[in-house]
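Asks: kindly return the folded structure for what I paste below:
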Amino acid sequence: MTSPGWSRRRAMGAGIGTLAGTLAGCAPPSGPPRRLRLATGPEGGPYNAFGKALAGAVAVSGRRTQIAPVGTAASVDNLRKLGDGSAELALAMADVAEDAVLGREAFSRPVAVTALARVYVNYTHLLVPADGPVRSVGDLAGRPVASGAAGSGVQVAAGRILRAAGLSGGPTPARELALGLEESARALREGTVEALFWSGGVPTPALASLARELPLRFLPLDGYAGALRELHGPVYSAVTLPAGVYGLTGPVGSIGVGNYLLARADLPAGAARELLQVLFDRRLDLLREVTAGARLEPRFAISTGRVPLHPGAAAYYRSVYG
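Replies: Got it, this is the predicted structure:
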């Protein structure tokens, strides 16, 4: 995703500078703890792991805010929870978050959601058995494909890639099966699916483990980045799975999608600031279990596309980074 850079400061709105100064001079908050529910993802997945790590970091920070991670089906489910008030915070992929803001695709009306930060980039994986007949996306016609859990961002991205390849609808579409990561890996190992979609960090531990058990071929996807950007905007970018991960002997082109830490629009500004202080203070620890080599930096953290920054987040960035 192309960063809009610090020109976005102007879009943060009048009065933010005053709010930033007020927040910067605040003493540690007093009063009862503020408990916030964070919609994450399925148990064992990267969102769930990141949510638990963030909750732990906040708990030992001495701040008033407390985080309660909530297991979910991931991105679509998380944004619906923000919309209905059953969560105050959520993790979601950028493409799904924009759908929610615009009220399209899985969302019948716009969701009042704001961004605290773009946290890291998901890499889309499409893998098949190395000794099988599938060597390109087009070869998936008529074949069973694990396309991500129902309500996940993986499922959204997989469906869009298959549509771009002409394999959704028509005489011989790919047969999409809604399976989570562990189920997908088991199904590929057992031969009940012939391909597996996943969107996550590099390397994703479950896929690294699978690659040690089963010789795999990772199919290139970067050729579809242009079509996806044309249809759905710049939330999609061409990225590369580097040589060495998963035993790859050379790089494989893929598609990247940002991950956002999101909040309801009515989240208090002080809570947004506290969370971002912890996030940036502990960013290396928090990302270690999610994606190798990820870097959380302010110039990328504010790059949230059509999802507006929460006013408290905008104030935090201006007060800390100018």
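Asks: so where do the helices sit in the stretch 1-150 of the chain?
Replies: Using DSSP state H, counting those that start in this stretch, the helices assigned to the stretch 1-150 of the chain run over residues 16-24, 46-59, 75-84, 94-102.
Asks: so what does the second one touch, helix or strand wise?
Replies: Other elements packing on helix 46-59 under the criterion 3 or more CB pairs under 8 Å, 6 or more residues apart in numbering; DSSP states H and E are strand 34-39, strand 65-70, strand 89-93, helix 269-281, helix 283-288. Where you see a C-beta, it was placed from the backbone N, CA and C, and this is true even at glycine.
Asks: and stretch 72-89, what's buried?
Replies: Within stretch 72-89, the residues scored as buried using 16 or more other CB atoms under 10 Å are 72-83, 87-89.
Asks: now do the end-to-end distance for it.
Replies: This stretch, stretch 72-89, spans 12 Å end to end (CA to CA, to the nearest Å).
Asks: with stretch 288-298 instead?
Replies: 18 Å.
Asks: what comes up buried for stretch 246-262?
Replies: For stretch 246-262, by 16+ other CB under 10 Å, it's 246, 248, 252-262.
Asks: which of those residues fall in strands?
Replies: With DSSP state E as the criterion, strands contain 252-262 from among those.
Asks: a markdown table for those residues, including distance to Pro129?
Replies: Shown next, in a markdown table, are these (distance: CB to CB, whole Å):
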| residue | distance to Pro129 |
| --- | --- |
| Val252 | 16 |
| Gly253 | 20 |
| Ser254 | 19 |
| Ile255 | 22 |
| Gly256 | 25 |
| Val257 | 25 |
| Gly258 | 30 |
| Asn259 | 29 |
| Tyr260 | 34 |
| Leu261 | 36 |
| Leu262 | 36 |
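Asks: reformat those as a markdown table; add pLDDT.
Replies: A markdown table is the format used below for these (pLDDT from 0 to 100):
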| residue | pLDDT |
| --- | --- |
| Val252 | 98 |
| Gly253 | 97 |
| Ser254 | 97 |
| Ile255 | 97 |
| Gly256 | 94 |
| Val257 | 95 |
| Gly258 | 93 |
| Asn259 | 94 |
| Tyr260 | 96 |
| Leu261 | 97 |
| Leu262 | 98 |
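Asks: please report how far the nearest residue to Met93 once chain neighbours are set aside lies from Gly191.
Replies: With sequence-adjacent residues excluded and distances taken as CB to CB, 6 or more residues apart in numbering, Met93 is closest to Gly153, at 3.4 Å. Distance of Gly153 to Gly191, computed by CB to CB, to the nearest Å: 26 Å.
Asks: neighbour count for those two, which is higher?
Replies: Under the criterion of other CB atoms under 10 Å, the comparison of Gly153 against Gly191 puts Gly153 first, with 32 against 10.
Asks: Gly200 is in contact with Val121, isn't it?
Replies: No: the criterion here is CB atoms under 8 Å, and Gly200 misses it with Val121 at 10.1 Å.
Asks: between those two, which one's more packed in?
Replies: A direct count of neighbours by other CB under 10 Å for Gly200 and Val121 places Gly200 higher, at 24 against 21.
Asks: okay, the more buried one: pLDDT?
Replies: Looking at Gly200, its pLDDT reads 87.
Asks: skipping adjacent residues, who's closest to it in space?
Replies: Gly200's closest residue in space is Pro46 (CB to CB, 6+ apart), at 5.1 Å.
Asks: the one you found: how many residues sit nearby?
Replies: Pro46: 26 surrounding residues under other CB under 10 Å.
Asks: still on that earlier bit, tell me the two of the ones in strands among the buried residues of stretch 246-262 that are most distant?
Replies: The largest separation in those, counting by CB to CB, is between Val252 and Leu262 at 29.8 Å.
Asks: state the distance from the residue nearest to Gly200 to Leu54.
Replies: From Pro46 over to Leu54 (counting by CB to CB), the distance is 12 Å.
Asks: likewise Gly138?
Replies: According to CB to CB, Gly138 stands 40 Å off from Leu54.
Asks: and these two? Which one has more around it.
Replies: Legend: neighbour count by other CB under 10 Å for Gly138 and Leu54, higher for Leu54 (24 against 12).
Asks: quick check, the more buried one in contact with Leu276.
Replies: No: look at Leu54 against Leu276 with CB under 8 Å: they stay out of range, at 11.0 Å.
Asks: tell me where the stretch 51-200 of the chain is predicted with low confidence.
Replies: Of all residues in the stretch 51-200 of the chain, none has pLDDT under 70.
Asks: swap in 90 and give it another go.
Replies: Scanning the stretch 51-200 of the chain for pLDDT under 90 picks out 64, 73, 120-121, 169-171, 200.
Asks: which residues of it fall in strands?
Replies: 65-70, 89-93, 113-129, 144-146, 175-177, 195-200 (DSSP state E, counting those that start in this stretch).
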